[in-house]
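> Quick one: sequence plus predicted model below, questions after.
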Amino acid sequence: MAIPPLRLEQHYYDEVVVRARADASAALPAEAAINVSARFAATDEDNRVWRAELRVEVAHRADVPPPGYEISVRAVGLFRVHPQFPEANMQKLIAVTGVSILYSGLRDFLMTITARGPWGSVLLPTTSFTDLEPTPEVGTGRRQQILDVLAAMGDSPLRTIAERLGVPVEAARPVVRLLIREGAVVQVGKGRGTKYRLAGGGR
């Protein structure tokens, strides 16, 4: 049997909110608003050990029938990537396979805890995470490293930033995007000439 590229080492739920509604007609109407988001990053101690979070929320929207429950559940998993698995593909492995593992477990967990509720079990729909756009959970260490690189070098392309950090471009890209959303970094130019600089002009 082939050695799996990903091993789940720890799995738990650190937030579980399930509140029954009195005005519903079904546990989970087909039109229910289901929001799914994921966050993940390699740990600072070992770049082959990744921490991932998956949040699933079911809420009422005024334009659709109310679900039987208001739900907010967060699953957390700690994954170890096999030493021979290509480093450049680790982020995609976590985004697709790791998050799918968390979703499968969360789906079963939610079905179990709602089984004795007034509207019966909630069975979340199956889904694919191939095109998931995750929000990376970025440690302060990696974030600060990128800020330090830009402070020292000025405007820099993503490949240069990744090389200075000693990580694949795929690992640096989501951190840079997060810094842009936070307003700490700005993008200069587009296409092949895209560079990044500290907000406020850098050096």
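Yep, that arrived.
> which regions of the protein sit below the pLDDT cut-off?
Where the chain drops to pLDDT under 70, the residues are 1-2, 44, 132-141, 170-171, 201-203.
> mind running it again at 80?
Filtered on pLDDT under 80, the chain yields the residue ranges 1-3, 43-45, 60-63, 131-143, 166-174, 177-178, 181-182, 190-192, 200-203.
> domain ranges for it?
6-113, 140-198 (automatic domain parsing).
> In JSON lines: those, plus mean neighbour count and distance to Gly120.
C-beta: built from backbone N, CA, C; applies to glycine. Shown next, in JSON lines, are those (neighbours: other CB atoms under 10 Å; distance: least, CB to CB, whole Å):
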{"stretch": "domain 6-113", "mean neighbour count": "16", "distance to Gly120": "5"}
{"stretch": "domain 140-198", "mean neighbour count": "16", "distance to Gly120": "39"}
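> Of all those, which one comes closest to Asp131?
With CB to CB as the measure, domain 6-113 is the member of the domains of the chain nearest Asp131 (9.4 Å).
> Just the terminal-to-terminal distance for the closest one.
28 Å (CA to CA, to the nearest Å).
> ditto for stretch 108-121
Counting by CA to CA, you get 10 Å between the two ends of stretch 108-121.
> what's that stretch in contact with?
With CB atoms under 8 Å, 6 or more residues apart in numbering as the test, stretch 108-121 has contacts from 13, 16, 18, 20, 24, 26-27, 56, 68-69, 71, 73, 75, 122-124.
> in the chain, which spans are helices?
Shown for the chain, the helices assigned by DSSP state H span residues 90-93, 99-113, 140-153, 158-165, 169-182.
> Dump those helices into JSON lines; add distance to Asp63 as well.
Formatted as JSON lines, the helices of the chain follow (distance: least, CB to CB, whole Å):
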{"stretch": "helix 90-93", "distance to Asp63": "35"}
{"stretch": "helix 99-113", "distance to Asp63": "24"}
{"stretch": "helix 140-153", "distance to Asp63": "39"}
{"stretch": "helix 158-165", "distance to Asp63": "41"}
{"stretch": "helix 169-182", "distance to Asp63": "29"}
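> Among the ones you listed, which comes closest to Val64?
For Val64, the closest of the helices of the chain is helix 99-113, at 19.5 Å, according to CB to CB.
> Cross the contacts of stretch 108-121 against strands and list the overlap.
Tyr13, Val16, Val18, Ala20, Val56, Tyr69, Ile71, Val73, Ala75 (DSSP state E).
> May I have the beta-bridge partners of the third one?
Listed by DSSP bridges, the beta-bridge partners for Val18 are Ile71.
> Contact partners for it?
Val18 makes contact with Tyr69, Glu70, Ile71, Val73, Leu110, Ile113, Thr114, Gly117, according to CB under 8 Å, 6+ apart.
> Kindly report the same for the first one.
By CB under 8 Å, 6+ apart, Tyr13 lies in contact with Val73, Arg74, Ala75, Val76, Leu106, Phe109.
> and the first one, how far is that from Ser121?
The one in question is Val73. Distance of Val73 to Ser121, given as CB to CB, to the nearest Å: 14 Å.
> Could you do the second one as well?
Here Arg74 is placed at a distance of 20 Å from Ser121 (CB to CB).
> returning to what we had before: among the contacts of Tyr13, give me the pair with the biggest separation.
Maximum distance among the contacts of Tyr13 (CB to CB): 12.3 Å, for Val76 and Phe109.
> Thank you kindly, that will do.
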